[in-house]
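Chemist: Sequence and predicted model, in that order:
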Amino acid sequence: MAKTVRNSRTAVGNNEVGLAWKLISPTAIIVFSLVVFPAFFSIWVSFHDVGLHNLNNVFKAPFVGWQNYQQVINDYAFKFQSLENLGATVTSIIYAFSATTLAILLGLVASLLLNTTFKGRGLARAIFLFPYVAPIVSIAFVWRWILDPRTSGVLNDILLRLNLIEAPQAYLATRGLSLLIVILLDAWRYFPFAMLMILARLQAVDRTLYEAAKVDGAGAVQQFFAITLPELRFVIGSTYLLRLMWTFNKFDDIFLYTGGGFGTKTLPVLTYEFSFRLYDFGRGAATAMILLTILAVFMSVYVMTVMRKVDN
């Protein structure tokens, strides 16, 4: 009898395992096809000479070792040249860290504002979410119209009418200024994500902590640094990590605003140019691997320092 029950349980367990594999297999196939295989294939391509001349038989492309990486590192567009030509690597680091930090700060301010009770708070939340939910293409074209270098540009027209400038300015075609603008636009577009994450944590903070602080005579600033900020450390750290990864890999924003010109060329844009303008897919893949390595180093340092302090 016991043996029969044991065999029955084994059969049921095997059926459940088989059912589980059948249920997860579609997702596993999709993940492997769209994530795992392309990732390993990119690594393989980075060590081979792959271009239009052998794209029809890519798996027989000649092995070139580290040649693609050497060509990328020695390329004038990749490495630091001067303060006027920072190179794609330095530009990517400045762009990612500046835009992420500013987006987190704006998200923190917005979440603190929306955590208070005032008339029209729901409408304010909807307005704050607009930059994040609107399509990037439409947003980019609107900003390019506003910053148009001709007199028909909105900003130039306003400044000319106010006699603040004597001639139209090319804001997105000026080195230094163009990078600053794309950083500000990125922070403006993605601060609602940080706002949502921080606001969700703010609403979960125990209100009795603030009541006790008021009884002890603590002001608003003291409450912020003694209660609010410690309660938000983990969510701010996690959000910063996510946004830094996404911003470092951002391509569409900068490409739509400036096309990567005038000192705004980042590593994702350089990867695109190697792959789809020069049709040198080996160099493009090598650039992507370098980008991944730089990002992994920053993430490791961040997790071992900032995130560890947050957990403690």
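Modeler: Good, I have the coordinates.

Chemist: Can I take it that Gly18 is in a helix?
Modeler: Yes: Gly18 forms part of a helix when assessed by DSSP: H, G, I helix; E, B strand; the rest coil.

Chemist: Return the distance of it relative to Val31.
Modeler: 20 Å (C-beta to C-beta, to the nearest Å). C-beta coordinates here come from the backbone N, C-alpha and C atoms, glycine included.

Chemist: same deal with Val221?
Modeler: Taken as C-beta to C-beta, the span from Val221 to Val31 is 48 Å.

Chemist: Give me the more crowded residue out of those two.
Modeler: Val31 (12 against 8; other C-beta atoms under 10 Å).

Chemist: So which elements touch the helix or strand where Ile198 lies?
Modeler: Assigned by DSSP states H and E, Ile198 belongs to helix 177-202. When contacts are defined as 3 or more C-beta pairs under 8 Å, 6 or more residues apart in numbering; DSSP states H and E, helix 177-202 sits against helix 87-114, helix 121-133, helix 136-146, helix 229-248, helix 252-257.

Chemist: Do me a favour and average the pLDDT over the third one.
Modeler: Confidence over helix 136-146 (mean pLDDT, whole number) is 92.

Chemist: Please compute how far it lies from its chain's middle.
Modeler: Centre-to-centre, helix 136-146 and its host chain are 19 Å apart (C-alpha atoms, centre = their mean, to the nearest Å).

Chemist: Wait, a strand at Phe262?
Modeler: No: counting by three-state DSSP, Phe262 falls outside a strand, being coil.

Chemist: Now the phi/psi pair for it, please.
Modeler: Torsion angles at Phe262 (phi, psi; degrees, to the nearest 10) stand at phi 60, psi 40.

Chemist: Repeat that for His48.
Modeler: phi -130, psi 160.

Chemist: OK, contacts around it?
Modeler: Taking C-beta atoms under 8 Å, 6 or more residues apart in numbering, we find His48 in contact with 61-64, 282.

Chemist: Between these, identify the one with the most neighbours.
Modeler: Among these, the one with the most neighbours (other C-beta under 10 Å) is Gly282, at 24 neighbours.

Chemist: Thanks again, I'm all set now.
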